[in-house]
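Peer 1: Provided below for reference: sequence and predicted model.
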Amino acid sequence: MFERFTEAARDVVVRAQEEARELGQQPIGTEHTLIALLDFEPIASALRTDEVDADYVRAEVLRRVGPTMEERREEEAEDAAALKAIGIDLDAVRRAIEENFGPGALRLPRETKRKSFFSRFHTTVGHIPFSQRNKKVLELSLREALRLKHNYIAPEHILLGILREGEGLAVQILVEKGVDLGRLREAATRSLHHPAA
């Protein structure tokens, strides 16, 4: 599937990964992909009338998802200091749990890794996985391209995939802002049929 992605569509996927990393979030969700799509002018133009830009979506993501990993670490340090002030040593509690239940008892189980299309976006800085929903969006972008009888996947196809999936945080943000999703779908399709020169 990756070979069908135009350079611009590849840039969107890479930019979504960078966006998630910059926000200190994982996995890479539809919201990060939407932010990346807003760097692409035909899509940015279609959403500008609704006052939706990358900064707006980024602020909404932070409001809805919560603090970044760095902010969470700072909050954890504050929590540990507050507990210590009342005589509870958080590190001692963690050690006791691991002694009784085994190393890593406090960590959530990891998803089994499998090689897929998405493994191509692994970077040396540290892999951030795509959410299941975002993987579905990228698969739906291929279906949208096939539906339109295109042998390539452009950023507009990715937007159509987000809209077709219809339940991710990206769509929730757009709906809450009052964006007419039908109009947005038409604008993306029109852009594919009449690309800018």
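Peer 2: Received, thanks.
Peer 1: mind listing the helices for the chain?
Peer 2: Counting by DSSP state H, the chain has helices at residues 7-23, 30-37, 41-48, 54-65, 69-85, 90-101, 132-147, 155-165, 169-177, 181-193.
Peer 1: residues in contact with L23?
Peer 2: H32, R58, V61, L62, V65, T68 (C-beta atoms under 8 Å, 6 or more residues apart in numbering). From N, CA and C alone the C-beta is placed, and that goes for glycine too.
Peer 1: buried subset of these?
Peer 2: With neighbours counted using 16 or more other C-beta atoms under 10 Å, those contain these buried positions: H32, R58, V61.
Peer 1: shouldn't the second one be in contact with I35?
Peer 2: Right, the one you point to is R58. Yes. If you go by C-beta atoms under 8 Å, R58 and I35 touch, sitting 5.8 Å apart.
Peer 1: now do stretch 183-192: distance to the chain's middle.
Peer 2: Centroid displacement of stretch 183-192 relative to its chain, using C-alpha atoms, centre = their mean, to the nearest Å, is 22 Å.
Peer 1: tell me the confidence at the spatially most central residue of the chain?
Peer 2: In the chain, the residue lying closest to the centroid (C-alpha atoms, centre = their mean) is G29, at 2.4 Å. Residue-level confidence at G29 comes out at 82, pLDDT.
Peer 1: and the closest residue to it other than its chain neighbours, how close does it get to E167?
Peer 2: When the adjacent residues along the chain are set aside, G29 lies closest to S131, with 4.7 Å between them (C-beta to C-beta, 6 or more residues apart in numbering). Between S131 and E167 the distance is 11 Å, computed by C-beta to C-beta, to the nearest Å.
Peer 1: of these two, who's got more company?
Peer 2: Taking neighbours as other C-beta atoms under 10 Å, S131 and E167 compare with S131 leading, 19 against 11.
Peer 1: so what does that one look like in phi/psi?
Peer 2: The phi and psi values for S131, taken as degrees, to the nearest 10, are phi -70, psi 160.
Peer 1: residue contacts, it?
Peer 2: Residues in contact with S131, defined by C-beta under 8 Å, 6+ apart, are P27, I28, G29, T30, G168.
Peer 1: could you redo the last one with a cut-off of 7 Å?
Peer 2: P27, I28, G29 (C-beta atoms under 7 Å, 6 or more residues apart in numbering).
Peer 1: give the contact list for L34.
Peer 2: Taking C-beta under 7 Å, 6+ apart as the definition of contact, the neighbours of L34 are V57, I162, A170.
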